[in-house]
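S.K.: build me a model from this:
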Amino acid sequence: MCGARVGALVSKNTEVMATAMKFAQARLSPPTLGQIAGEAALATPQQYFDDVKEEYLSRRDILVDGLNSIEGVTCPKPGGAFYAMAELPVDSAENFCQWILDSYSYKGATVMMAPAAGFYASPDLGTREVRLAYVLEKDKLKKAVEVLRHALEEYPKTLEAQSSAVQINLK
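M.R.: Prediction:
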(Lines give C-alpha, C1' and ligand atoms only; values in the text may rest on other atoms or scores of the structure.)
Protein backbone atom coordinates (compact mmCIF):
# COMPACT_ATOMS: atom_id res chain seq x y z
CA MET A 1 0.00 0.00 0.00
CA CYS A 2 2.50 2.55 -1.23
CA GLY A 3 1.95 5.97 0.26
CA ALA A 4 -0.70 4.82 2.72
CA ARG A 5 -0.60 6.70 5.98
CA VAL A 6 -2.19 4.53 8.58
CA GLY A 7 -2.05 4.92 12.33
CA ALA A 8 -3.76 5.96 15.48
CA LEU A 9 -3.04 8.25 18.41
CA VAL A 10 -4.67 7.48 21.73
CA SER A 11 -4.23 9.64 24.81
CA LYS A 12 -6.15 10.83 27.84
CA ASN A 13 -4.23 14.12 27.60
CA THR A 14 -6.76 16.52 26.09
CA GLU A 15 -4.10 19.09 25.15
CA VAL A 16 -2.13 16.48 23.19
CA MET A 17 -5.28 15.31 21.43
CA ALA A 18 -6.37 18.88 20.60
CA THR A 19 -2.94 19.65 19.13
CA ALA A 20 -2.90 16.36 17.21
CA MET A 21 -6.32 17.18 15.74
CA LYS A 22 -5.02 20.53 14.48
CA PHE A 23 -2.17 18.75 12.68
CA ALA A 24 -4.49 16.03 11.39
CA GLN A 25 -6.86 18.58 9.92
CA ALA A 26 -4.10 20.73 8.44
CA ARG A 27 -1.63 18.11 7.16
CA LEU A 28 -1.41 14.55 5.93
CA SER A 29 -3.73 12.61 8.15
CA PRO A 30 -4.80 9.04 7.45
CA PRO A 31 -7.99 9.04 5.38
CA THR A 32 -10.86 6.85 6.50
CA LEU A 33 -10.53 4.49 3.50
CA GLY A 34 -6.80 4.12 4.21
CA GLN A 35 -7.60 3.12 7.78
CA ILE A 36 -10.15 0.56 6.59
CA ALA A 37 -7.74 -0.86 3.99
CA GLY A 38 -4.96 -0.99 6.58
CA GLU A 39 -7.16 -2.96 8.94
CA ALA A 40 -8.12 -5.40 6.17
CA ALA A 41 -4.44 -5.80 5.23
CA LEU A 42 -3.76 -7.23 8.68
CA ALA A 43 -5.62 -10.39 7.58
CA THR A 44 -3.48 -10.84 4.44
CA PRO A 45 -1.59 -14.17 4.43
CA GLN A 46 2.19 -13.91 5.01
CA GLN A 47 2.88 -15.68 1.69
CA TYR A 48 1.56 -12.63 -0.16
CA PHE A 49 4.10 -10.38 1.54
CA ASP A 50 6.89 -12.92 0.98
CA ASP A 51 6.05 -13.04 -2.74
CA VAL A 52 5.87 -9.24 -3.04
CA LYS A 53 9.20 -8.86 -1.22
CA GLU A 54 10.85 -11.41 -3.53
CA GLU A 55 9.46 -9.65 -6.60
CA TYR A 56 10.71 -6.23 -5.50
CA LEU A 57 14.14 -7.58 -4.56
CA SER A 58 14.37 -9.06 -8.05
CA ARG A 59 13.28 -5.78 -9.65
CA ARG A 60 15.74 -3.86 -7.48
CA ASP A 61 18.59 -6.11 -8.51
CA ILE A 62 17.73 -5.80 -12.22
CA LEU A 63 17.69 -2.01 -12.00
CA VAL A 64 20.71 -1.51 -9.73
CA ASP A 65 22.90 -4.10 -11.45
CA GLY A 66 21.88 -2.68 -14.83
CA LEU A 67 22.68 0.88 -13.77
CA ASN A 68 26.04 -0.13 -12.33
CA SER A 69 26.90 -1.81 -15.64
CA ILE A 70 26.73 1.59 -17.38
CA GLU A 71 30.07 3.36 -17.54
CA GLY A 72 30.22 6.28 -15.11
CA VAL A 73 27.03 5.39 -13.21
CA THR A 74 27.15 4.59 -9.51
CA CYS A 75 24.09 3.15 -7.80
CA PRO A 76 24.22 1.72 -4.28
CA LYS A 77 21.84 -1.16 -3.61
CA PRO A 78 18.96 0.16 -1.46
CA GLY A 79 17.93 -1.86 1.56
CA GLY A 80 14.34 -0.66 1.55
CA ALA A 81 11.75 1.36 -0.36
CA PHE A 82 11.10 0.79 -4.07
CA TYR A 83 13.43 3.33 -5.62
CA ALA A 84 17.16 3.76 -6.10
CA MET A 85 19.38 6.83 -6.17
CA ALA A 86 22.00 6.78 -8.93
CA GLU A 87 24.82 9.19 -9.67
CA LEU A 88 25.12 9.84 -13.39
CA PRO A 89 28.10 11.10 -15.41
CA VAL A 90 26.38 14.44 -16.10
CA ASP A 91 26.90 17.96 -14.80
CA SER A 92 23.23 18.50 -13.98
CA ALA A 93 20.77 15.71 -13.31
CA GLU A 94 17.94 18.23 -13.59
CA ASN A 95 18.99 19.24 -17.11
CA PHE A 96 19.53 15.61 -18.10
CA CYS A 97 16.10 14.55 -16.78
CA GLN A 98 14.46 17.39 -18.72
CA TRP A 99 16.40 16.53 -21.89
CA ILE A 100 15.63 12.81 -21.80
CA LEU A 101 11.89 13.53 -21.48
CA ASP A 102 11.70 16.39 -23.96
CA SER A 103 14.23 15.49 -26.61
CA TYR A 104 15.29 11.85 -26.48
CA SER A 105 13.92 8.43 -27.27
CA TYR A 106 15.54 5.12 -28.06
CA LYS A 107 13.44 2.64 -30.02
CA GLY A 108 10.40 4.77 -29.22
CA ALA A 109 10.99 4.84 -25.47
CA THR A 110 12.43 7.17 -22.87
CA VAL A 111 12.94 7.08 -19.10
CA MET A 112 11.29 9.28 -16.51
CA MET A 113 13.47 10.05 -13.50
CA ALA A 114 13.37 12.55 -10.68
CA PRO A 115 16.39 14.79 -10.12
CA ALA A 116 17.65 13.86 -6.65
CA ALA A 117 18.63 17.33 -5.42
CA GLY A 118 15.08 17.90 -4.16
CA PHE A 119 15.43 14.94 -1.81
CA TYR A 120 18.38 16.49 0.05
CA ALA A 121 18.30 19.21 2.72
CA SER A 122 21.49 20.82 1.39
CA PRO A 123 21.09 22.48 -2.01
CA ASP A 124 24.54 21.39 -3.22
CA LEU A 125 23.88 17.67 -2.75
CA GLY A 126 22.37 15.35 -5.35
CA THR A 127 22.96 17.61 -8.33
CA ARG A 128 24.31 14.69 -10.39
CA GLU A 129 21.91 12.09 -8.98
CA VAL A 130 18.52 10.79 -10.05
CA ARG A 131 15.85 8.79 -8.29
CA LEU A 132 14.40 5.82 -10.18
CA ALA A 133 11.50 3.71 -8.96
CA TYR A 134 11.52 0.00 -9.64
CA VAL A 135 7.77 -0.44 -9.73
CA LEU A 136 7.70 -1.55 -13.38
CA GLU A 137 7.73 -5.13 -14.58
CA LYS A 138 11.17 -6.72 -14.98
CA ASP A 139 11.22 -6.52 -18.79
CA LYS A 140 10.34 -2.82 -18.68
CA LEU A 141 13.11 -2.19 -16.15
CA LYS A 142 15.61 -3.91 -18.44
CA LYS A 143 14.41 -1.75 -21.32
CA ALA A 144 14.69 1.39 -19.16
CA VAL A 145 18.31 0.56 -18.37
CA GLU A 146 19.00 0.04 -22.09
CA VAL A 147 17.39 3.38 -22.96
CA LEU A 148 19.33 5.15 -20.21
CA ARG A 149 22.60 3.57 -21.37
CA HIS A 150 22.08 4.91 -24.89
CA ALA A 151 20.87 8.30 -23.64
CA LEU A 152 24.03 8.75 -21.58
CA GLU A 153 26.07 8.03 -24.71
CA GLU A 154 24.11 10.61 -26.75
CA TYR A 155 23.77 13.35 -24.16
CA PRO A 156 27.38 14.66 -24.38
CA LYS A 157 27.05 14.86 -28.18
CA THR A 158 23.90 16.96 -27.77
CA LEU A 159 25.70 19.31 -25.37
CA GLU A 160 28.62 19.66 -27.81
CA ALA A 161 26.24 20.44 -30.67
CA GLN A 162 24.46 23.07 -28.56
CA SER A 163 27.79 24.59 -27.55
CA SER A 164 28.92 24.74 -31.19
CA ALA A 165 25.65 26.37 -32.22
CA VAL A 166 26.10 29.04 -29.55
CA GLN A 167 29.67 29.71 -30.70
CA ILE A 168 28.55 30.03 -34.33
CA ASN A 169 25.79 32.48 -33.33
CA LEU A 170 28.27 34.59 -31.37
CA LYS A 171 30.60 35.03 -34.37
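
S.K.: so where's this structure shaky on pLDDT?
M.R.: For the chain, the stretches with pLDDT under 70 are 1-6, 26-30, 163-171.

S.K.: show me what counts as buried in stretch 119-126.
M.R.: Gly126 (16 or more other CB atoms under 10 Å). Just so you know, the C-beta spots here come from the backbone N, C-alpha and C atoms, and that holds for glycine as well.

S.K.: begin at 538 from here
M.R.: Right, with 538 as the first residue, what we last looked at is stretch 656-663.

S.K.: any idea how far it is from the chain center?
M.R.: 15 Å (CA atoms, centre = their mean, to the nearest Å).

S.K.: end to end, how far does it reach?
M.R.: 8 Å (CA to CA, to the nearest Å).

S.K.: and Ala574, what element?
M.R.: The secondary structure element spanning Ala574 is helix 569-578 (assigned by DSSP states H and E).

S.K.: these two touch, right, Tyr657 and Gly663?
M.R.: Yes - under the criterion of CB atoms under 8 Å, Tyr657 makes contact with Gly663 at 4.5 Å.
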